[in-house]
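>>> Fold the following, please.
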Amino acid sequence: TVSGLLQDAVSIVNKDKQNTNRDFPDLIDGMARDFRNIIGYFFWLYKVTGLAANMVNIWLFSLRPK
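Alright, predicted model coming up:
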């Protein structure tokens with residue numbers, strides 16, 4: 001669900017905030033890495049749901065009377 005994904009993103013950001021004893025460039029780098037991870041996660045989700053939709057479409061198409 002969308003709320004679950006948002007909770008994941010918030011937990012990642014909060015986990016990064018706990019590491020504030022690091023110097024600033026490290027913090028920026030960590031935030032950038034987390035952002036890339038979130039983008040990758042959404043992209044993976046998009047690919048998986050797209051694949052599932054394609055399979056359902058093919059299945060429905062094969063059920064149609066010729």
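>>> pLDDT weak spots in the protein?
Along the chain, the model assigns pLDDT under 70 to residues 1-2, 5, 9, 12-24, 65-66.
>>> In it, which helix is the longest?
helix 24-63 (DSSP state H).
>>> So which other helices or strands are in contact with that one?
Here helix 24-63 touches helix 2-17, going by 3 or more C-beta pairs under 8 Å, 6 or more residues apart in numbering; DSSP states H and E. (C-beta placed from N, C-alpha, C; glycine too.)
>>> So what's the residue count around D29?
D29 is flanked by 11 other residues according to other C-beta atoms under 10 Å.
>>> Check W44 too.
Counted with other C-beta under 10 Å, the neighbours of W44 add up to 10.
>>> next one: M31
M31 has 14 neighbouring residues, counting by other C-beta under 10 Å.
>>> Could you do P25 as well?
P25 is flanked by 8 other residues according to other C-beta under 10 Å.
>>> and it, how far is that from M55?
P25 is 45 Å from M55, where distance means C-beta to C-beta, to the nearest Å.
>>> can you check S11 too?
To M55, S11 is 31 Å away according to C-beta to C-beta.
>>> just V10 next, same as before
32 Å.
>>> With G4 instead?
23 Å.
>>> again, but for V48
Distance from V48 to M55, by C-beta to C-beta: 11 Å.
>>> same deal with L6?
Shown here: L6 relative to M55, a distance of 27 Å by C-beta to C-beta.
>>> So which bits of the longest helix of the chain are buried?
Of all the residues in helix 24-63, those buried under the rule 16 or more other C-beta atoms under 10 Å are G30.
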